[in-house]
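J.: Output the structure for:
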Amino acid sequence: MKITAQEEYGLRILIRIASCKDHDGMSIPQLSETEQLSQHYIAKLTRLLRMAHLIRSTPGNKGGYILARPADEIVIKNVLEALGTPLDKEFTDENGAVMRFCTSSVDCSSRSLWQMIQLTVNNLLERITLMDLVTEKDSKNTIFDMLSPEFLEKR
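T.: You can find the predicted model right below:
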């Protein structure tokens, strides 16, 4: 699994927008200033997020970007996929079908390990929502709770 700069910065922008208390949202210049990124790059990332129906623009002179739906309905795996390629792309064939685990050689055995790790990461990212990440303190506790055996047994 590789997280690109585009996925990292796009997620950070989405967290900023989710944390914004202004009902008009955050403008590209505001996002550019807070994230220390060029306005051109912010425009590119917000376009991807808008096309994925994760954010929407507010009209007017004071307009900006707001979430398109509640933060607890935005799943992080979907955010990362909107900003880049599917996270499990490395483990699919040319038609997008998931490759089957094999055990006939050392090469297949090691590939199975990476596939299991990828499946575990994907499973976790499917359960984390934007709401879980809005505050760093809460997000750390939420993710640790998700990794605990008690939480895993509940699922």
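
J.: what about the strands in this protein?
T.: Using DSSP state E, the strands found in the chain span residues 55-57, 65-67.

J.: Save those as a markdown table, and put in distance to Ile76 and mean pLDDT too.
T.: For every residue, glycine as well, the C-beta is placed using N, CA and C. Converted to a markdown table, the strands of the chain look like this (distance: least, C-beta to C-beta, whole Å; pLDDT from 0 to 100):
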| stretch | distance to Ile76 | mean pLDDT |
| --- | --- | --- |
| strand 55-57 | 15 | 95 |
| strand 65-67 | 14 | 95 |
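
J.: Relative to Arg111, which of the ones you listed is closest?
T.: Minimum separation from Arg111 across the strands of the chain (C-beta to C-beta) falls at strand 55-57, 36.9 Å.

J.: For that closest one, name the packing helices and strands.
T.: helix 39-51, strand 65-67 (3 or more C-beta pairs under 8 Å, 6 or more residues apart in numbering; DSSP states H and E).

J.: The same query, at a cut-off of 6 Å, please.
T.: strand 65-67 (3 or more C-beta pairs under 6 Å, 6 or more residues apart in numbering; DSSP states H and E).

J.: returning to that earlier point: what's the most buried one of the strands of the chain?
T.: strand 65-67 (a mean of 20; mean count of other C-beta atoms under 10 Å).

J.: what distance separates that one from the middle of the whole chain?
T.: 16 Å (C-alpha atoms, centre = their mean, to the nearest Å).

J.: One more: stretch 124-133?
T.: For stretch 124-133, the distance to the chain centre is 8 Å (C-alpha atoms, centre = their mean).

J.: Likewise for stretch 21-28?
T.: The chain centroid and the centroid of stretch 21-28 are separated by 20 Å under C-alpha atoms, centre = their mean.

J.: now the end-to-end length of that stretch.
T.: 16 Å (C-alpha to C-alpha, to the nearest Å).

J.: Thanks a lot, catch you later.
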